[in-house]
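Student: Sequence and predicted structure, then a few things I'm wondering about:
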Amino acid sequence: MFMNLAHRGASEYAPENTLAAFYKGLEQGANGIETDLKQSKDGVIILFHDNELDRTTDGHGLPSSYTWKELQELDAGSWFSPAYAGERLVSFEQFLHYFGRKKALFALELKDPNIEQPVLELIRKYDVQHQSTITSFRYENLQAARAVDPSIRLGHLIRKIDEEAIARLKEIGAVQICPCADGLEQEDVRLAKAHGFEVRAWGAFTPELMNHALQCGVDGMTINFPDQLTAAISSA
Ligand code: G3P
Ligand code: CA
């Protein structure tokens, strides 16, 4: 099945990495959710993309400077639209509570170092190993995740597919390779598939890039507007 992964939720239509955006992604036909994992000051795994709180909340500075209790007081929706005023940050455990039984796929991007152990503990606690793929731009995060769990699905976010990237992924038993949609070529996708990898694109920020990735033959992509990807797949 093609992986239509709502990127930080349906982030074109609702504030990224909030429950509203995740629900909207699934409503729009996404069969999975991509989100970003970081850690609060008191060790709670939270869903947050940026280095600092300022762009997408009414807070300031690093999320890791605040406890989860403090982070929960922030407004994570007003920056996007007054209609989403009061939308809150989400912990990974809350996310698993609400979405773990939905059978959606989860692309879980590690954005902080040294969070593999608590992330994998929660994945086991909610029994979502088979629907989850741990991803990162940082190879070290993936190596650490593999050391914690010998069977968890791993995917590496890279700019461009090449033989070296493939060899490094084989070393850690990754199943998924995640190139940027911009600059992707059919040959890259063929090469990765010939080595047995799923190919899931990131960075399809426009309908043109989404269609380009589809034409290259990817197995899935993260997308800010899952409704348009749903329509494109169903008309193909
Ligand atoms: O799908 C991966 C993509 O989310 C990586 O980029 O910056 O959105 O985390 P970023
Ligand atoms: Ca991400």
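Tutor: Arrived safely, thanks for sending. Ligands and ions are numbered 1, 2, ... in the order given.
Student: Tell me which helix or strand Leu214 sits in.
Tutor: Per DSSP states H and E: Leu214 is located in helix 207-216.
Student: pLDDT on that helix, on average?
Tutor: For helix 207-216, mean pLDDT rounds to 98.
Student: And for stretch 114-131?
Tutor: 98.
Student: Now it - C-alpha only, CSV.
Tutor: The C-alpha trace of stretch 114-131 is given here as CSV (Å, rounded to 0.1, in the frame of the first residue of the first chain):
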residue,chain,number,x,y,z
ASN,A,114,20.0,10.1,23.2
ILE,A,115,16.2,9.7,23.1
GLU,A,116,16.1,6.2,21.5
GLN,A,117,15.6,4.3,24.7
PRO,A,118,12.5,6.2,26.0
VAL,A,119,11.0,6.3,22.5
LEU,A,120,11.4,2.6,22.0
GLU,A,121,10.0,1.9,25.4
LEU,A,122,6.8,3.8,24.5
ILE,A,123,6.6,2.0,21.2
ARG,A,124,6.7,-1.3,23.0
LYS,A,125,4.3,-0.2,25.7
TYR,A,126,1.7,0.7,23.1
ASP,A,127,2.5,-2.3,20.9
VAL,A,128,3.0,-0.2,17.7
GLN,A,129,6.3,-1.7,16.6
HIS,A,130,5.0,-3.0,13.3
GLN,A,131,3.4,0.2,12.2
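Student: and the residue nearest to Tyr98 when sequence neighbours are not counted, how many residues sit next to it?
Tutor: Ranked by C-beta to C-beta, 6 or more residues apart in numbering and with sequence neighbours excluded, the top spatial neighbour of Tyr98 is Leu19, at 6.5 Å. For glycine as for every other residue, the C-beta is placed from the backbone atoms N, C-alpha and C. Leu19 has 20 neighbours, counted by other C-beta atoms under 10 Å.
Student: coming back round to it: let me know whether the helix holding Leu214 sits next to ligand 1.
Tutor: No: using C-beta under 6 Å from any ligand atom, helix 207-216 stays clear of ligand 1, with a minimum separation of 11.7 Å.
Student: The following helix or strand past that helix close to ligand 1?
Tutor: Where DSSP H and E defines the elements, the next helix or strand beyond helix 207-216 is strand 220-223. Yes: using C-beta under 6 Å from any ligand atom, strand 220-223 reaches ligand 1 at Thr222.
Student: that's a helix at Glu93, yeah?
Tutor: Yes: judged by DSSP: H, G, I helix; E, B strand; the rest coil, Glu93 forms part of a helix.
Student: My read is that it contacts Ile45, right?
Tutor: Yes: in this structure, Glu93 is within contact of Ile45 by C-beta atoms under 8 Å, at 7.2 Å.
Student: Residues that sit against both of those two, list them.
Tutor: Counting by C-beta atoms under 8 Å, 6 or more residues apart in numbering, the common neighbours of Glu93 and Ile45 are Leu122.
Student: Just want to know which of the two has more residues nearby.
Tutor: Neighbours were counted for Glu93 and for Ile45 using other C-beta under 10 Å; Ile45 has more, 23 against 17.
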